[in-house]
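J.: Just need the structure, nothing else, for what follows:
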Amino acid sequence: MIDPAGDEDRILQEANKKGLKIKYIINTHAHVDHILGNKRMQDLTNATVVIHEKEAYALLTNPADAGHVWSESLSSCGQDRKGRDV
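T.: Below you'll find the predicted structure:
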């Protein structure tokens with residue numbers, strides 16, 4: 001799915017209705033109106049979060065922002081949780 005944007009319940013309802021499993025949460029960019037809901041969606045689906053490597057810093061650097069995801073799955077962005085290339 002692309003950019004949860006805080007609409008996780010509706011997205012999950014539609015996916016379930018159609019028998020779809022969400023495997024990836026793709027963020028087009030790191031603005032809060034796109035990444036809001038990443039953590040909850042990941043908790044509910046165990047999906048991998050992906051974002052362009054130039055935007056990955058935003059998911060890794062501001063823990064006070066509720067839209068950020070703290071997960072090892074961010075290595076799919078090309079960096080690990082400490083911002084090192086993988």
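J.: For the lowest-mean-pLDDT helix or strand in the chain, which helices and strands make contact with it?
T.: Lowest by mean pLDDT, DSSP states H and E among the helices and strands of the chain is helix 56-61, with a mean of 79. For helix 56-61, the packing partners by 3 or more Cβ pairs under 8 Å, 6 or more residues apart in numbering; DSSP states H and E come out as strand 48-51. (Each C-beta comes from the backbone N, C-alpha and C, glycine too.)
J.: The strand it packs on - which strands sit beside it in the sheet, and in what orientation?
T.: Using DSSP bridges, strand 48-51 pairs in its sheet with strand 24-27 (parallel).
J.: pLDDT weak spots in this structure?
T.: The chain contains residues with pLDDT under 70 at 61-86.
J.: Which positions in the helix or strand harbouring residue 9 come out as buried?
T.: Per DSSP states H and E: residue 9 is located in helix 8-17. Neighbour-count burial for helix 8-17, counted by 16 or more other Cβ atoms under 10 Å, picks out 8, 11-12.
J.: Kindly report the same for stretch 20-40.
T.: Buried residues in stretch 20-40, defined by neighbour count with 16+ other Cβ under 10 Å: 22, 25, 27, 30, 34-40.
J.: Any idea how many residues pack against residue 18?
T.: Using other Cβ atoms under 10 Å, residue 18 has 7 neighbouring residues.
J.: Distance check, it against residue 30.
T.: Residue 18 is 28 Å from residue 30, where distance means Cβ to Cβ, to the nearest Å.
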